[in-house]
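Q: okay, here's the prediction I keep looking at, along with the sequence it came from:
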Amino acid sequence: MADNRTEKATPKRRMKAREHGQVLRSRDLVSAITLLGVVCAMAWSPGVWVNLWQRYFGNILNAAVSTGWEAGGVPMLSATGSIVLLWAGPLLGVAFVVAVGSTLAQGVPTFATEALAPNFNKLNPVNNLQQLFSLAGVSRVLKSLLPTLIILYLAIGLIRSHAEPILHATRLHGEGLLVLLGTLCVGLAYRSVMVFLAWSGFDYFMQWRSYEKSLRMTKQEVRDEGRENEGNPEIRNKIKRLRREQARKSLRKAMERATAVIVNPTHYAVALEYRAATMAAPVVVAKGQNLMALRIKELARWNEIPIVENPPLAQALYKATEVGQTIPPKLFAAVAELLAFLYRAQMRMRGAGVRA
């Protein structure tokens with residue numbers, strides 16, 4: 001059956017995977033980088049380590065000659081512990097810093113409580129034996145043997161390239177023998193580290209591919225997650241209809257209080273309310289563009305509210321005010337002149353009606 005998981009993982013899917021402890025992290029890569037740091041620290045100043053151990057062995061031999069081996073047991077043990085601490089302490093510090101840094105470089109650590117829950121099936125020896133002798137277990141063993149074989153091949157090549165000095169090593173004095181051994185050890189260490197780095201990089205790439213494949217989603221899962229994030233489309237449409245209906249009701253109520261509507265024939269419409277006895281300045285009760293402007297004009301005609309075409313004033317009111325705000329002082333004169341004109345026109349119409 002064809003795999004229908006063709007969609008890339010969404011951020012929510014990745015977050016859930018992290019919560020379950022499913023993260024991309026290569027322990028082999030961390031080990032290889034840590035080993036490289038330790039080798040570089042040892043090769044950075046080999047004379048320091050050589051002098052350190054020379055003084056140690058010189059002190060031990062002098063103490064053995066002067067006091068005897070039997071009498072120097074505790075001091076000898078103490079000196080050995082101190083020299084080991086001085087030698088291994090910095091190397092362990094470098095290893096710790098490099099290991100933590102390379103781990104953090106692969107991603108921020110996460111504490112997955114579900115992954116920390118006890119799983120007694122992992123303690124079952126039968127299951128462990130089945131995993132060991134399964135195809136996956138055999139493949140892991142073979143993968144671990146491959147870099148070992150490569151390192152063995154490189155070690156044989158290194159010995160062959162130094163075959164003549166090794167064959168004549170018995171003729172060398174102590175310092176020359178140490179230099180030869182140090183050269184062989186450092187050369188083999190560097191080659192081993194390079195092999196481990198290359199292998200761990202390849203392993204990290206394969207793990208990344210497997211990790212991304214495991215997070216893939218079907219089209220249906222992406223749609224379902226979209227509905228969870230944004231809500232059901234039917235519910236969203238219903239909410240939009242309710243909001244539009246509420247906006248219409250609010251607009252109708254606001255237009256019932258309007259005194260005049262100033263328009264820029266087709267683009268802008270601003271409805272103003274002004275009651276001279278109770279208001280210090282006109283208030284914007286509704287405004288809109290295009291379709292909303294047409295709606296405001298329809299309601300104005302329905303409520304017999306005067307509509308005045310004044311494009312500059314309509315644009316200025318639309319841009320400078322919000323619904324519920326009084327008009328800015330700089331527009332007082334223009335609006336007052338317009339309202340006075342409407343007032344005089346209404347009074348003339350009422351006078352003409354009375355005379356008739």
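A: Structure's in. What do you need?
Q: can you give me the helices in this protein?
A: 11-19, 27-44, 46-67, 73-105, 113-116, 125-132, 135-161, 163-167, 174-215, 219-230, 233-256, 291-302, 311-320, 332-355 (DSSP state H).
Q: so which of those is nearest Arg275?
A: Among these, helix 332-355 comes nearest to Arg275, with 11.1 Å by Cβ to Cβ. Quick note: C-beta positions are derived from backbone N, CA and C, even for glycine.
Q: who's in contact with that closest one?
A: 259-260, 262, 272, 274, 281-282, 306, 308, 310, 313, 316-317, 327 (Cβ atoms under 8 Å, 6 or more residues apart in numbering).
Q: restrict it to CA atoms and write it as PDB.
A: Output in PDB follows, covering the C-alpha atoms of helix 332-355 (Å, rounded to 0.1, in the frame of the first residue of the first chain):
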ATOM      1  CA  PHE A 332     -15.100  73.100  13.100                       C
ATOM      2  CA  ALA A 333     -15.600  76.000  10.800                       C
ATOM      3  CA  ALA A 334     -16.300  74.000   7.700                       C
ATOM      4  CA  VAL A 335     -18.700  71.700   9.500                       C
ATOM      5  CA  ALA A 336     -20.400  74.600  11.300                       C
ATOM      6  CA  GLU A 337     -20.900  76.400   8.000                       C
ATOM      7  CA  LEU A 338     -22.400  73.200   6.500                       C
ATOM      8  CA  LEU A 339     -24.800  72.600   9.400                       C
ATOM      9  CA  ALA A 340     -25.900  76.200   9.400                       C
ATOM     10  CA  PHE A 341     -26.700  76.000   5.700                       C
ATOM     11  CA  LEU A 342     -28.800  72.900   6.400                       C
ATOM     12  CA  TYR A 343     -30.500  74.500   9.300                       C
ATOM     13  CA  ARG A 344     -31.400  77.600   7.200                       C
ATOM     14  CA  ALA A 345     -32.600  75.300   4.300                       C
ATOM     15  CA  GLN A 346     -34.800  73.300   6.700                       C
ATOM     16  CA  MET A 347     -36.200  76.500   8.200                       C
ATOM     17  CA  ARG A 348     -37.100  77.800   4.700                       C
ATOM     18  CA  MET A 349     -38.800  74.500   3.900                       C
ATOM     19  CA  ARG A 350     -40.800  74.600   7.100                       C
ATOM     20  CA  GLY A 351     -41.700  78.300   6.400                       C
ATOM     21  CA  ALA A 352     -42.900  77.400   2.900                       C
ATOM     22  CA  GLY A 353     -44.900  74.600   4.300                       C
ATOM     23  CA  VAL A 354     -46.600  76.800   6.800                       C
ATOM     24  CA  ARG A 355     -47.500  79.500   4.200                       C
END
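Q: before we move on, back to that, so among the contacts of helix 332-355, which ones count as buried?
A: Listed as buried from the contacts of helix 332-355 are 259-260, 262, 272, 274, 282, 306, 308, 310, 313, 316-317, 327; burial here means 16 or more other Cβ atoms under 10 Å.
Q: identify the farthest-apart pair in these.
A: Pro306 and Ala316 (18.8 Å).
Q: next one: stretch 336-343 to chain centre, how far?
A: 61 Å (Cα atoms, centre = their mean, to the nearest Å).
Q: how about it: buried residues?
A: The neighbour-count check on stretch 336-343 (16+ other Cβ under 10 Å) flags 338-339, 342 as buried.
Q: hmm, back to that, looking at the contacts of helix 332-355, which are in strands?
A: Judged by DSSP state E, the subset of the contacts of helix 332-355 located in strands is 260, 262, 272, 308.
Q: low-confidence ranges in the chain?
A: 1-3, 21, 45-47, 49-50, 63-76, 107-142, 174-175, 178, 227-235, 350-356 (pLDDT under 70).
Q: rewinding a little: adding distance to Phe57, write the contacts of helix 332-355 out as CSV.
A: What follows is the contacts of helix 332-355, written out as CSV (distance: Cβ to Cβ, whole Å):
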residue, distance to Phe57
Thr259, 106
Ala260, 106
Ile262, 102
Leu272, 101
Tyr274, 105
Ala281, 99
Pro282, 101
Pro306, 110
Val308, 107
Asn310, 104
Leu313, 101
Ala316, 95
Leu317, 96
Ile327, 97
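Q: and of those, the nearest to Cys185?
A: Ala316 (85.6 Å).
Q: could you measure from that closest one over to Gly324?
A: 18 Å (Cβ to Cβ, to the nearest Å).
Q: the residue nearest to His267 when sequence neighbours are not counted: what's it in contact with?
A: Nearest residue to His267 in three dimensions, chain neighbours excluded: Gln289, at 6.1 Å (Cβ to Cβ, 6 or more residues apart in numbering). Going by Cβ under 8 Å, 6+ apart, Gln289 touches 267-268, 318.
Q: list just the nearest of the residues you listed to Phe96.
A: For these, the minimum distance to Phe96 (Cβ to Cβ) is 66.4 Å, reached by Tyr318.
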